[in-house]
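Undergrad: Got a predicted structure plus its sequence, pasted below:
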Amino acid sequence: TNLAGGGGSPEGNREPGMYTAFPTAFSPAPYTFAVWAPIFLGCIALAVYQAMPAMRHDPRFGLLGWLVAAAFLLTALTAYTPIGVSNVVITALLAALVLAYRQAARAEPQTAAFVWCVRLPLAIFTAWCTVATILNACQWAVSLGWPVGPVPAAALISLAAAVGVAVVVQQREVAFGLVLMWAFWGIVAARPEASVVVGAAAVATLALVGARSEEH
């Protein structure tokens, strides 16, 4: 899919994928996309948890359930959209996930089961989609003939880190920051010679770790 680093080309076919067709300095190393393993496991846990008979009339799953369903549908659509349209789809996906995560973070009671099966999976998914949305925009820019080099990539890492710091401090969501750090160092692994990218990732990591300390 586009989110996983592949997806449609401008002609709408499947080869080559967006990751290889439109390289950018913000593109992480391929192994970084292994983050989909915990995302998928989390989505399965969420689906099973909300389907339990005891959850059938749980008010926490009102609007939240519709937002999650929309996010899952939009995720599937990313596999079938060419690069220009995919940016619209992924932006809508990010919006659905942000709203779903906010609903989960505000839901009461925050039981251990709810946190592990709902809030945590949504935090991980939202964090990765934040990076994926930026990456897709970069790939679109490259497809239009606007290269995204190390300096813009470093600026975008800083932007994503600022979002992460806000989430870690306000919501005490450490997982969100960890996913961002995984993505940042995946970007560094793809271009270790780009000192400005390495520096931005290092500063971003320190800021996210500091936000974790500030939470306490």
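TA: Perfect, I can see it now. Residues are numbered from 1 along each chain as shown.
Undergrad: When you work out contacts or count neighbours from here on, use the C-alpha atoms and nothing else.
TA: Fine.
Undergrad: surely Cys129 meets Ala95?
TA: No. With contact defined as C-alpha atoms under 8 Å, Cys129 does not count as touching Ala95 (9.6 Å).
Undergrad: in this protein, which spans are helices?
TA: Here the chain has its helices, by DSSP state H, at 18-21, 36-51, 63-77, 83-106, 112-114, 120-143, 150-171, 174-190, 195-215.
Undergrad: nearest to Pro28, of the ones you listed?
TA: Nearest to Pro28 among the helices of the chain is helix 174-190 (3.7 Å), distances taken as C-alpha to C-alpha.
Undergrad: just how off-centre is that closest one within its chain?
TA: Helix 174-190 sits 10 Å away from the centroid of its parent chain (C-alpha atoms, centre = their mean, to the nearest Å).
Undergrad: now stretch 80-95
TA: That offset, for stretch 80-95, works out to 13 Å (C-alpha atoms, centre = their mean).
Undergrad: Put the alpha carbons of that stretch into CSV.
TA: The C-alpha coordinates for stretch 80-95 follow below in CSV (Å, rounded to 0.1, in the frame of the first residue of the first chain):
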residue,chain,number,x,y,z
TYR,A,80,-5.8,1.4,-4.9
THR,A,81,-5.2,5.1,-5.3
PRO,A,82,-2.6,6.8,-7.5
ILE,A,83,-0.2,9.3,-5.9
GLY,A,84,-2.2,12.5,-6.2
VAL,A,85,-5.4,10.9,-4.9
SER,A,86,-3.6,9.0,-2.2
ASN,A,87,-2.6,12.2,-0.5
VAL,A,88,-6.3,13.0,-0.1
VAL,A,89,-7.1,9.5,1.2
ILE,A,90,-4.2,9.5,3.7
THR,A,91,-4.9,12.9,5.0
ALA,A,92,-8.5,11.8,5.6
LEU,A,93,-7.2,8.7,7.3
LEU,A,94,-5.0,10.8,9.5
ALA,A,95,-7.9,13.0,10.5
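Undergrad: Could you give me the buried positions within it?
TA: 80-84, 86-95 (16 or more other C-alpha atoms under 10 Å).
Undergrad: Kindly indicate which of those lies nearest Cys43.
TA: Distances from Cys43 to the buried residues of stretch 80-95, taken by C-alpha to C-alpha, are shortest for Leu93, at 14.5 Å.
Undergrad: wait, doesn't the closest one sit right on Ala71?
TA: Yes. Between Leu93 and Ala71 there is a contact under C-alpha under 8 Å: 5.4 Å.
Undergrad: and the gap between Trp36 and Thr75?
TA: Distance, Trp36 to Thr75, by C-alpha to C-alpha, to the nearest Å: 12 Å.
Undergrad: again with Val115
TA: Val115 is 22 Å from Thr75, by C-alpha to C-alpha.
Undergrad: ok, back up a step: weakest of the helices of the chain by average pLDDT?
TA: Lowest mean pLDDT of those: helix 18-21, a mean of 82.
Undergrad: okay, that one in CSV with CA atoms only?
TA: Output of helix 18-21 as CSV, limited to C-alpha atoms (Å, rounded to 0.1, in the frame of the first residue of the first chain):
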residue,chain,number,x,y,z
MET,A,18,5.8,5.0,-4.9
TYR,A,19,8.7,4.3,-2.5
THR,A,20,11.0,3.4,-5.4
ALA,A,21,9.5,5.6,-8.0
